[in-house]
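In: Following is a predicted model, sequence given first.
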Amino acid sequence: MAHCKVIAYCLLMAYCVVINAGLSVREEDISSVPQKTNSLGAKSFHPVVEGSSGQPWPLPQQMQTQLKTMDINPGKFQFHYDMYSCPILVNAFERYYNFLFPTLKSKSKFYQTKEHRGNFGDQPQLIALTVSVTEKCDDYPSLKSNETYVLTIDDKGGKLKTSSVWGALRGLETFSQLVYENSLGQLVVNQTQITDWPRFNYRGILVDTGRHFIAKSVLLKNLDAMAYNKFNVFHWHIVDDQSFPYQSETFPNMHVKGAFKPPYRHSYTQEDIRSIIEYATERGIRVVAEFDTPGHSQSWGLSQPDLLTPCYSGGKPDGTYGPINPILNSTYDFLRKFFTEIVNVFPDHYVHLGGDEVNFKCWESNPDVSAFMKKMGFGTDYRKLESYYIQQLLGIMQDLKAGYIVWQEVFDNGVKVSPDIVFHAWKGDYKKELAKITKANYNAILSQGWYLNHVVDPYKQYWKTYYAQDPQDFEGTQQQKDLVLGGEACMWGEYVDGTNLIQRLWPMASVVGERLWSASSVTDPDAAAPRLAEQRCRMVRRGLQAEPVTGPGHCDYEYSP
């Protein structure tokens, strides 16, 4: 154990936990247990993965933990604040009090700071956590928000120090995870010192509501799960070819004609969207809306005449339509009005503009498009036409002072773009893709390899594959790697709706969350497995149907609908 630089301690003589830049290691080796294969080729013996106790997920950057514990009396424990407070912080106190003590009411448990410490009998008690936020609360998080926090639990009490309310939210989540029940059923917490910050500032979950409508209540549950795992971006792929569930005030017929029927049951009102954004903000989560064009836009055309390109066959219109028509001035008039509304509805600086999977065949078949290509000197290179469209759209977004994210095809097709664009890598060899994007001095985020909608064989423990992927694992300079803002786990909706979204995402997405938050040295899936099992049980106790992914085991509090 000479390599342990910080601290090591043994719990219950069963395993030894080593905290070293975020490393938790089990000493016992279960790999030597013989495993037989049944007639289906699956292993017939699977060792039980025992969940850890009071171990946080994702693992903090720096953590020192002692054997000494402090009791927590639910009837006496309080959250305090000094310096700055705001409704986001006070509401978080109430949430986390209820997480810690679900059978008690949380009223009158939050006060401005007072000196509190407890030492009753031989066992010290932690009766307060004082949260110090040194700067005024922001109304909404951003890519540059500071989520760093310092958490100390010792004989003097509990202290959480941070410069921002967003750091306070992350620290409160960590504190809630440190508390556990001992063998006597008492709530305890180990004396601990944590200094923590995210490795990447962009840690996202994509949810697709265009292929299947997902009720607001389910989206809110997913936001809860994101907060439990320290994600900070909800990438809302809100519309697609199949449906348009966004209720636009500027173009009210778009959801009436474009949403699944009946549209009032399968669309999001402006009040729905405001409440989702507010719910996310209270958890330190940005909402980045995606309205994908010029492809993936069939549902748009149901209410907007001439928006889509008519396709031709045998020199005549064949009654089908392709991507948005890039040659008409009316197209850009519509886009300007539409995205003016979007940047006013969604407070985030960024809008995801899509730009992926544009099928050129319809453009190629249309004689008006061909004439426009000739006029513009594009020849037969339809990537130049796509570039023309994207440039017009980016110009609109610049006029609106909005930031923009696009899928990697925009880069791959050589579209001329502004230097402040963010490219979203999702297919092919991500190492080569990120190397090319960052070599051109553009920012990037990664989703390739983290498409969690793909159904995988649970016996192959695919979570370990997700855990092994690193957004900075590509050939390039450190300057290039610093251009990678982070990544996203994606849940596309062709076969996902409100009945299986939570189960399919969690805790698989938790694995991505640790990769995006914790130190780059945290790479051992076997060391992570007990903590992942505990994190999954935390989510189950908090009411989420998070599925088991580490193999046989149990939760002290099993899911009960």
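Out: Here it is on my side, so go on.
In: rest of the way, CA atoms for contacts and neighbours
Out: Fine.
In: Give the next helix or strand downstream of the helix or strand harbouring Gly171.
Out: Gly171 belongs to helix 165-178 when assigned by DSSP states H and E. Sequence-wise, the next helix or strand downstream of helix 165-178 (DSSP H and E) is strand 180-181.
In: And the average pLDDT for that following strand is what?
Out: With pLDDT averaged residue by residue, strand 180-181 scores 95.
In: who touches Gly51 in this structure?
Out: When contacts are counted by CA atoms under 8 Å, 6 or more residues apart in numbering, Gly51 touches 529-534.
In: isn't there a helix covering it?
Out: No: Gly51 sits outside any helix when classified using DSSP: H, G, I helix; E, B strand; the rest coil, being coil.
In: and the helix or strand Arg95 falls within, what other elements does it pack with?
Out: Using DSSP H and E, Arg95 maps to helix 87-100. Contact partners of helix 87-100 among helices and strands, from 3 or more CA pairs under 8 Å, 6 or more residues apart in numbering; DSSP states H and E: helix 165-178.
In: would you put the C-alpha positions of the helix it packs on in CSV?
Out: Taking Å, rounded to 0.1, in the frame of the first residue of the first chain, the C-alpha atoms of helix 165-178 are listed here in CSV:
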residue,chain,number,x,y,z
VAL,A,165,-24.7,28.8,-5.6
TRP,A,166,-23.9,26.2,-8.3
GLY,A,167,-20.9,25.0,-6.2
ALA,A,168,-23.2,24.9,-3.2
LEU,A,169,-25.6,22.6,-5.1
ARG,A,170,-22.8,20.2,-6.0
GLY,A,171,-21.5,20.2,-2.4
LEU,A,172,-24.9,19.5,-1.0
GLU,A,173,-25.3,16.5,-3.2
THR,A,174,-21.9,15.2,-2.1
PHE,A,175,-22.8,15.8,1.6
SER,A,176,-26.1,13.9,1.1
GLN,A,177,-24.1,10.9,-0.3
LEU,A,178,-21.6,10.9,2.6
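In: Which residues does that helix contact?
Out: Contacts of helix 165-178 (CA under 8 Å, 6+ apart): 53-57, 88-89, 92, 96, 99-100, 131, 133, 136-138, 141, 145-151, 160-162, 189-190, 227-228, 230, 283-284.
In: Same question for stretch 471-481.
Out: 431-432, 434-435, 438-439, 441, 445-446, 484, 486-487.
In: Make a ChimeraX selection of the buried ones in the residues you listed.
Out: Buried members of those, defined by 16 or more other CA atoms under 10 Å, are picked up in ChimeraX with:
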select :431,434,435,438,439,445,446,484,486,487
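In: which one among the contacts of stretch 471-481 gets closest to Phe234?
Out: Among these, Gly487 lies closest to Phe234 (CA to CA), at 11.6 Å.
In: Now do the contacts for that closest one.
Out: 202-204, 445-447, 471, 516.
In: Could you rerun that using 10 Å?
Out: Applying CA atoms under 10 Å, 6 or more residues apart in numbering to Gly487 gives the contacts 200-205, 233, 424-425, 444-448, 450, 470-471, 512-513, 515-516.
In: and if you look at Leu308?
Out: 294-295, 297-302, 320-326, 331.
In: list the helices and strands the helix or strand in which Lys436 is found packs on?
Out: Assigned by DSSP H and E, Lys436 belongs to helix 430-439. The helices and strands touching helix 430-439, judged by 3 or more CA pairs under 10 Å, 6 or more residues apart in numbering; DSSP states H and E, are helix 409-412, strand 422-425, strand 443-446, helix 478-481, strand 484-491.
In: Present these as JSON lines; the columns should include mean pLDDT and distance to Met508.
Out: What follows is the helices and strands packed on helix 430-439, written out as JSON lines (pLDDT from 0 to 100; distance: least, CA to CA, whole Å):
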{"stretch": "helix 409-412", "mean pLDDT": "94", "distance to Met508": "27"}
{"stretch": "strand 422-425", "mean pLDDT": "98", "distance to Met508": "20"}
{"stretch": "strand 443-446", "mean pLDDT": "98", "distance to Met508": "16"}
{"stretch": "helix 478-481", "mean pLDDT": "98", "distance to Met508": "25"}
{"stretch": "strand 484-491", "mean pLDDT": "98", "distance to Met508": "9"}
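In: Compare these and give me the one nearest Thr499.
Out: strand 484-491 (13.4 Å).
In: So what's the gap between the closest one and the chain middle?
Out: Between the centre of strand 484-491 and the centre of its chain there are 7 Å (CA atoms, centre = their mean, to the nearest Å).
In: ok, now stretch 384-397?
Out: That offset, for stretch 384-397, works out to 28 Å (CA atoms, centre = their mean).
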